[in-house]
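Visitor: quick one, fold the following:
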Amino acid sequence: DRNFFEIINYVAAKGIQPVVFTDAATKIRDKDFAKELYDTGATVCPKCDSLFSAEYQNFVVGDKSLEYFSQRNDAIQILIETGFNQVQEDGTTRLGFDMIVTKQNVLEVENSLRYCRENNLWIVFSTYLPAGRSANEKFDSALVLDEEEKKAMRDTIQKIDSAYGFSHPLWNNFATTPCVEFIQIYGDG
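Guide: Numbers count the residues shown, from 1 in each chain. Model prediction:
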């Protein structure tokens, strides 16, 4: 959006925490852009279906050029170098991931969580809900975890977070955080 920084700065000036959900593979690879974004006080959440499998990540985003995965990872490194993962005064971090866990990436949960804990990033693991695109008859339901796989994932998360000193309840669809209400404003208003 050509008014991106104007919008972000306006939101921040109203006392609202800007959170930018992004593919991170385009603008955020520009260090000056990342620094300007950092200066607004915004939190950044790059799209992350896989930290480790280029094939799966590129498949999910439909990248036929096969460049998204490496470009996104370059952007994550720039965000870390810029300081988004530094501990803030309130103890939080301004960089993290929202990862939909499927049968294709469930085995990455442990390594993804450890990566986040070791790099001071937040992560939300969620599973498909029977609504929206996953309720569409064209949706590949073979990706959906069964209850046993969800339980195993939650057990893994609790074990790892306990080792890092984190104790938190596990919520129905969100394995590391409760669902919260929010407002999302699209570029067209």
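
Visitor: just checking, residue 123 is part of a helix?
Guide: No: counting by DSSP: H, G, I helix; E, B strand; the rest coil, residue 123 is not part of a helix but strand.

Visitor: burial count for it?
Guide: By other Cβ atoms under 10 Å, the residues close to residue 123 number 21. Every C-beta, even on glycine, is put in place using the N, C-alpha and C of the backbone.

Visitor: same question, residue 23
Guide: Counted with other Cβ under 10 Å, residues neighbouring residue 23 total 15.

Visitor: skipping adjacent residues, who's closest to it in space?
Guide: Leaving aside its chain neighbours, residue 23 sits nearest to residue 47 (5.2 Å; criterion: Cβ to Cβ, 6 or more residues apart in numbering).

Visitor: which intervals of this structure have sub-threshold pLDDT?
Guide: Scanning the chain for pLDDT under 70 picks out 130-131, 169-189.

Visitor: for it, just list every one of the strands.
Guide: Using DSSP state E, the strands of the chain run over 19-22, 43-46, 96-100, 122-126.

Visitor: can I get the ones you listed in CSV including distance to residue 74?
Guide: CSV is the format used below for the strands of the chain (distance: least, Cβ to Cβ, whole Å):
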stretch, distance to residue 74
strand 19-22, 13
strand 43-46, 11
strand 96-100, 15
strand 122-126, 19
